[in-house]
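Colleague: sequence and predicted model, in that order:
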Amino acid sequence: MPISRLIFFPKNIQQLVDDALILKTMTDIEFINNVAYKKNHYLPGEHFLSLITFLGCSPNINLQPTPDEPHCFISILQSSIKPQHLGHTSTCHPKCPNCTKRIANWKTDKWQQEDKLCTCDKCGFQTPYAQLNWKQECGFGCCGFEIAHIYPHEAVPTDQLLEALEEKTGIKWMHCYTNN
């Protein structure tokens, strides 16, 4: 069964950041507990709720492991030399970076490969799939981390979190949602 996730990755999708630096950064800002609950499975830290803003009037987020119930946890993504498709929502509709209109027939058998080209049906502009405007509904990158059991657009990172990631890693970060 798919798990909804909030994924963070470098803005430059070619950028590779050492897993240890990502982990140290999240530990230093107390985004995660410094000891893994399970392998690559970190529970939210002391400042998690001040670094992520939950939207809506009563989000139902389980921050502690409960038997037979999903709980929120943070994990480091598997790093790769070449940018990979990190995930997408089932309702994503990319927009052309040239004309800014929604691309109708974008989904081909190779769309999840960052270097494959997509042709806009409105203006004919061709661009790699990873460079389309996905409006945080899809992501590509070489590394990053994810928060499991966060539904699309249920939560957003605070400026404080994004600034801390940039300050400690030296690069800008983005986020996207996935439920695939």
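Modeller: Sure, I can see it. Computed from a predicted model, the values in this text were never measured in an experiment.

Colleague: other residues contacting stretch 3-21?
Modeller: Applying Cβ atoms under 8 Å, 6 or more residues apart in numbering, the contact partners of stretch 3-21 are 52, 70, 76-77, 79, 81, 83, 86-87, 114, 130, 139-152, 154-155, 157, 165, 168-169, 171-179. No exception for glycine: its C-beta is placed from N, CA and C like everyone else's.

Colleague: what comes up buried for stretch 135-149?
Modeller: 136-149 (16 or more other Cβ atoms under 10 Å).

Colleague: using CSV, write out every CA atom in that stretch.
Modeller: The C-alpha coordinates for stretch 135-149 follow below in CSV (Å, rounded to 0.1, in the frame of the first residue of the first chain):
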residue,chain,number,x,y,z
LYS,A,135,3.9,22.7,-8.3
GLN,A,136,5.3,20.4,-5.5
GLU,A,137,3.4,17.4,-6.8
CYS,A,138,6.6,15.6,-8.1
GLY,A,139,10.3,15.6,-7.4
PHE,A,140,13.6,14.6,-8.9
GLY,A,141,17.0,14.5,-7.2
CYS,A,142,20.1,12.6,-6.2
CYS,A,143,19.5,12.7,-2.4
GLY,A,144,17.3,14.0,0.3
PHE,A,145,15.0,12.9,3.1
GLU,A,146,11.3,12.2,3.6
ILE,A,147,8.7,12.4,6.3
ALA,A,148,6.3,9.4,6.1
HIS,A,149,2.6,9.5,6.7
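
Colleague: okay, now the unreliable bits of the protein?
Modeller: 57-58 (pLDDT under 70).

Colleague: which of the contacts of stretch 3-21 fall within strands?
Modeller: Among the contacts of stretch 3-21, the members found in strands (DSSP state E) are 52, 76, 86-87, 139-141, 145-148, 155, 157, 173-178.

Colleague: what subset of the contacts of stretch 3-21 is buried?
Modeller: Applying 16+ other Cβ under 10 Å to those, the neighbour count classes 52, 76-77, 83, 86-87, 114, 130, 139-152, 154-155, 157, 165, 169, 173-179 as buried.

Colleague: follow-up on the earlier one: dump the buried residues of stretch 135-149 into TSV; add distance to Cys96 as well.
Modeller: Formatted as TSV, the buried residues of stretch 135-149 follow (distance: Cβ to Cβ, whole Å):
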residue	distance to Cys96
Gln136	17
Glu137	15
Cys138	14
Gly139	18
Phe140	17
Gly141	21
Cys142	25
Cys143	27
Gly144	25
Phe145	30
Glu146	28
Ile147	30
Ala148	32
His149	33
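
Colleague: looking at those, which is nearest Ala36?
Modeller: Of all the buried residues of stretch 135-149, Phe145 has the smallest distance to Ala36: 12.8 Å, by Cβ to Cβ.

Colleague: that closest one and Pro128, how far apart?
Modeller: Distance, Phe145 to Pro128, by Cβ to Cβ, to the nearest Å: 24 Å.
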